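Chemist: Below: sequence and its predicted model.
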Amino acid sequence: MTHAPHARPLILGIETSCDETAAAVVGDGTQVYSNVIATQHDLHGRYGGVVPEIASRAHLERIVPVVREAMREAGATFDDLDAVAVAHRPGLIGSLLVGTSAAKSLAWARGLKLIGVDHIVAHLHACYLGANRDARDTAIGLVVSGGHTSLFRVHGPLDVEIIGRTIDDAVGEAYDKAAVILGLGYPGGAAVDRLAAQGDDHAHDLPVSRLARDSLDFSFSGLKTALLYAVCGKPLGSGKRFERDAGSLTDRQRADFAASFQRAAVTALLLKVNRALDRFDADTLLVGGGVSANSRLRTELEALARARNITVHLPAPEYCLDNAAMIAGLASTRYRAGTFDDWTLSASTRSGVLTGRVAV
């Protein structure tokens, strides 16, 4: 079977920062030829969250089959590639080591360029995947995921400046904890979103975090705790037991709690986005991360963009969650800039973009 020529540069991306083993082949930064993701939800669901040791072992088992499938779907051979890219920060160190080691091995064995990519910045590049536009915007960037809730000034695709971050829980983590509180299972962000559509979002007055008057930082621990007490009542004894649990709720009550939680969470996000747009000159808003798939957030961001006469770029749903296409896509920008990594590339639990303005 013959395939049309791939766009250049053609890059294999690898993503193993948390609990998705992912590989993708992307041409010219936006043309996605394959995007393969092996989730681990079945492994972590019983624990209500990701277990790092289990995650890293699962990556070891799945990385080779996932890479092979990505290459097969793309109709490409390793000889067709220009580079191998990998998310080497931030994330769970054991998981990152699996992906980084695999990428370095492939690049060395095939004589390919190696490009390390910051997972957080890649979430912003996801807005451009499959789209007929180049990643050249000067923008405000919002990353909302299970591990991160951050605001950036985006001076260019490889030049970002942190202007706000969560001081405690990420919004995606709060959604997952809300799902556990409501008895919806893990991971639960999508379940909360679906259930919220059936409820009254003003049934419960849950808190909207504002922090200081001019703060661009986020906080979601208070919202999570308020939901816990509203659903379960007061803690008993050591605090590990409560007066009741979600089993005592009717379907309607459960939906009302989900809707009220979602209204408070999204309102807090929009509040800080508006503050950032008031403070900085930008006519574009870039949004990425797993929570960017949330239906209410997408609707309200689009309404905000219309009201302010700005452009908002949201990823296609398949590129909201952790994926390797965004890794390969952002790496294309570094490839064209001629900035590569050598065999000393290391995994790191910390993102460089959370410390100030940096060139990625």
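Modeler: Thanks, I have the structure now.
Chemist: Tell me the spacing between Asp251 and Ala258.
Modeler: The gap separating Asp251 from Ala258 is 11 Å, by CB to CB, to the nearest Å. The way it works is simple: take the backbone N, C-alpha and C, and place the C-beta from them, glycine included.
Chemist: Could you check which of the two is surrounded by more residues?
Modeler: Higher neighbour count among Asp251 and Ala258: Ala258, with 29 against 10, using other CB atoms under 10 Å.
Chemist: So Ile115 belongs to a helix, correct?
Modeler: No - using DSSP: H, G, I helix; E, B strand; the rest coil, the assignment for Ile115 is strand, not a helix.
Chemist: Now for it: which residues touch it?
Modeler: Residues in contact with Ile115, defined by CB atoms under 8 Å, 6 or more residues apart in numbering, are Ile11, Ala83, Val84, Ala85, Val86, Ala331, Arg334, Tyr335, Thr339, Phe340, Asp341.
Chemist: How about Gly233?
Modeler: Contact analysis of Gly233 by CB under 8 Å, 6+ apart lists Phe242, Glu243, Arg244.
Chemist: One more: Ser56?
Modeler: Contact partners of Ser56, counting by CB under 8 Å, 6+ apart, are Leu92, Gly94, Ser95, Leu97, Val98.
Chemist: okay, it: pLDDT?
Modeler: On pLDDT, Ser56 comes in at 92.
Chemist: wouldn't Val25 be in contact with Pro9 here?
Modeler: No - look at Val25 against Pro9 with CB atoms under 8 Å: they stay out of range, at 11.1 Å.
Chemist: more neighbours, the two?
Modeler: Neighbour comparison, Val25 and Pro9: the larger count goes to Val25, with 28 against 21 (by other CB under 10 Å).
Chemist: Confirm that the more buried one sits in a strand.
Modeler: Yes - using three-state DSSP, the assignment for Val25 is a strand.
Chemist: Which residue, other than its chain neighbours, is closest to Glu53?
Modeler: Distance criterion CB to CB, 6 or more residues apart in numbering; nearest residue to Glu53, sequence neighbours excluded, is Gly94 at 6.8 Å.
Chemist: And that neighbour, how close does it get to Ala76?
Modeler: Taking CB to CB, one finds Gly94 at 29 Å from Ala76.
Chemist: longest helix in this structure, by residue count?
Modeler: Longest helix in the chain, counting residues (DSSP state H): helix 251-279.
Chemist: helix or strand right after it?
Modeler: Next helix or strand after helix 251-279 toward the C-terminus (DSSP states H and E): strand 284-288.
Chemist: Which elements pack onto that following strand?
Modeler: helix 119-125, strand 139-144, helix 295-308, strand 311-313 (3 or more CB pairs under 8 Å, 6 or more residues apart in numbering; DSSP states H and E).
Chemist: now, which of the contacts of Gly233 lie within strands?
Modeler: Counted as lying in strands by DSSP state E, out of the contacts of Gly233, are Phe242.
Chemist: Just the buried subset of the contacts of Ile115, please.
Modeler: For these, a burial check counting by 16 or more other CB atoms under 10 Å picks out Ile11, Ala83, Val84, Ala85, Val86, Ala331, Arg334, Tyr335, Phe340, Asp341.
Chemist: which residues does the nearest residue to Gly116 once chain neighbours are set aside contact?
Modeler: Once flanking residues are discounted, Gly116 sits nearest to His88: 4.3 Å by CB to CB, 6+ apart. Residues counted as contacts of His88 (CB under 8 Å, 6+ apart) are Leu96, Gly99, Thr100, Ala103, Gly116, Val117, Leu345, Ser346, Ala347, Ser348.
Chemist: Of all pairs in those residues, which one is the farthest apart?
Modeler: Ala103 and Ser348 (14.4 Å; CB to CB).
Chemist: Touching, Leu195 and Leu182? I think so.
Modeler: Yes - with contacts counted by CB under 8 Å, Leu195 reaches Leu182, the gap being 7.5 Å.
Chemist: Tell me the residues that contact both of these two, please.
Modeler: Shared contacts of Leu195 and Leu182, counting by CB under 8 Å, 6+ apart, come down to Arg254, Ala258.
Chemist: Please name the residues that touch the closest residue to Thr311 other than its chain neighbours.
Modeler: In space, and not counting its chain neighbours, Thr311 is closest to Thr284: 4.8 Å by CB to CB, 6+ apart. The neighbours of Thr284, taking CB under 8 Å, 6+ apart as the test, are Asp137, Thr138, Ala139, Ile140, Ile310, Thr311, Val312, His313.
Chemist: and Ile120, what pLDDT?
Modeler: At Ile120, the pLDDT value in this model is 94.
Chemist: State the distance from it to Leu285.
Modeler: According to CB to CB, Ile120 and Leu285 sit 16 Å apart.
Chemist: Could you check which of those two is surrounded by more residues?
Modeler: Using other CB under 10 Å as the criterion, Ile120 and Leu285 rank with Ile120 on top: 28 against 25.
Chemist: Then Glu73 would be within a strand, right?
Modeler: No - Glu73 is assigned helix when assessed by three-state DSSP, not a strand.
Chemist: So it sits against Tyr33, correct?
Modeler: Yes - checked against CB under 8 Å, the pair Glu73 and Tyr33 is within contact range at 7.1 Å.
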